[in-house]
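*Asks:* Dropping a prediction and its sequence here:
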Amino acid sequence: MSLNLRFGPRPRHRVRRVLILLCLIGIIGLVAWQQKWTAPRPVAAWTETALSYLPIKFSTTTPLAGTPTQDNVVLVKAAVVDSPQSEAYTADLYAATDHDDIPWPNIAGRTSIEFYTVKPGDTLWSIAEQFQLDFETLRWSNPELERNPDILVAGSKLRIMPVPGIYHLLEPDDTIEALAQRYGVAPEDITAYPPNALFPPYTLAGREGLIIPYGRKETRLPRPALSLQFALAWPIVGTVTAGYEATHPAIDIAAPYGSPVYAAADGTVIYAAWQEDNASYAVIIDHGDGRETWYNGLRETLVEAGSFVTRGVPIGEVGRSGHTAGPHLHFELHQDGRLVDPLGGLPGTPQ
């Protein structure tokens, strides 16, 4: 008897296993085709694509009440800024629009301080009007104008603020808290204003100055001297910005809005009311000797027609007429019905 021994799988079984393996490979390939598998991309590449489609948003705040007409500002470009004090902090990040929310107050879309070169024929009033600023902001952001507002030199450069307020030139001992108290604002009004580029711990060293949004300086003027040795006393201690001439038979005296105006001499008030033509209040005092003094451009009157006033008593407050760009008193002197130069009866300088 002989033994017929076989080693390894039988041929029929081997064929079956090959067919099963081919079927599995086919199924896996079909699934891969349906799922559209591709080689995984590097993490950096995915991150770059994702970030490029992220919507850029900027938190908004409500503008302060009483702000001038404002354009809108919206974040339009994200960039890494090495130095937050550089112009790129605002210049590269913001642009004016007319339909988006206002993230912080501004005028005419200005996102930082600009500079304007004075041209022949310019006045403080015309420059303030051109940039939609009030007269005091223009003075308070240019110290040379604050000292001498009646001296405007062609070719000189003026700071143009992005918001009403003050540009404060820093001194060694200045602090945010002290500046806020000095100018009547909250510390956060200064630190949170983007053009200032302030970050904790709010170091001020190495800076030229700071914008104080909506900050105001003390606007009280001294009461004019009675100057009894002269025919008239100054109605206000301000700056004469326009003198007497044929086309302007009066003098204009610039002063902060709301400053008291005083009677230049004793007399009877014959007019104290609103003037539609000048879009302001006016007071006329008859001094009983052929002279009348006219006080135009007032925001309100403090006397009534028919009352008698003495030299140096308050009769109104400085306003801003519809034909000017800054607060001032338009002061006229009438002698026997004719307009004459008031400076002929006043002390040499406002006092």
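*Replies:* Everything's here; your move. Numbering: from 1, shown residues only.
*Asks:* got a pLDDT number for the closest residue to Q132 other than its chain neighbours?
*Replies:* Ranked by C-beta to C-beta, 6 or more residues apart in numbering and with sequence neighbours excluded, the top spatial neighbour of Q132 is I107, at 5.0 Å. To be clear about C-beta, it is placed using only N, CA and C from the backbone, and glycine gets the same treatment. Note on I107: pLDDT of 77.
*Asks:* got the residue ranges for the strands in the stretch 51-200 of the chain?
*Replies:* Along the stretch 51-200 of the chain, counting by DSSP state E, counting those that start in this stretch, strands occupy 72-75, 94-97, 114-117, 157-160, 165-169.
*Asks:* How about stretch 287-306, which residues are buried there?
*Replies:* Judged by neighbour count using 16 or more other C-beta atoms under 10 Å, the buried positions of stretch 287-306 are 287, 291-299, 301-303.
*Asks:* Quick check: end-to-end length of that stretch?
*Replies:* This stretch, stretch 287-306, spans 13 Å end to end (C-alpha to C-alpha, to the nearest Å).
*Asks:* just stretch 249-258 next, same as before
*Replies:* One end of stretch 249-258 to the other measures 24 Å (C-alpha to C-alpha).
*Asks:* in the stretch 51-200 of the chain, which segments are predicted with low confidence?
*Replies:* Counting by pLDDT under 70, the ranges of the stretch 51-200 of the chain that qualify are 51-105, 147-150.
*Asks:* just the helices in it please.
*Replies:* 88-91, 124-130, 135-140, 143-147, 176-183, 187-191 (DSSP state H, counting those that start in this stretch).
*Asks:* looking at those helices, which is closest to P164?
*Replies:* With C-beta to C-beta as the criterion, P164 lies closest to helix 135-140 of the helices of the stretch 51-200 of the chain, at 4.9 Å.
*Asks:* list the helices and strands that closest one packs on?
*Replies:* Applying 3 or more C-beta pairs under 8 Å, 6 or more residues apart in numbering; DSSP states H and E, one finds that helix 135-140 makes contact with helix 124-130, helix 143-147, strand 165-169.
*Asks:* Would you mind listing the buried residues in the first one?
*Replies:* Along helix 124-130, the positions that meet the burial threshold by neighbour count (16+ other C-beta under 10 Å) are 124-125, 127-128.
*Asks:* for the longest strand seen in the chain, packing partners?
*Replies:* Secondary structure assigned by DSSP state E gives strand 291-301 as the longest strand of the chain. Under the contact criterion of 3+ C-beta pairs under 8 Å, 6+ apart, strand 291-301 touches strand 267-275, strand 280-286, strand 314-318, strand 328-335.
*Asks:* So which of these is nearest V261?
*Replies:* The closest of these to V261 is strand 314-318. By C-beta to C-beta, the value is 4.6 Å.
*Asks:* Give me the sheet partners of that closest one and which way each runs.
*Replies:* strand 260-262 (antiparallel), strand 291-301 (antiparallel) (DSSP bridges).
*Asks:* Export those strands to TSV and append columns for mean pLDDT.
*Replies:* Below are those laid out as TSV (pLDDT from 0 to 100):
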stretch	mean pLDDT
strand 260-262	95
strand 291-301	93
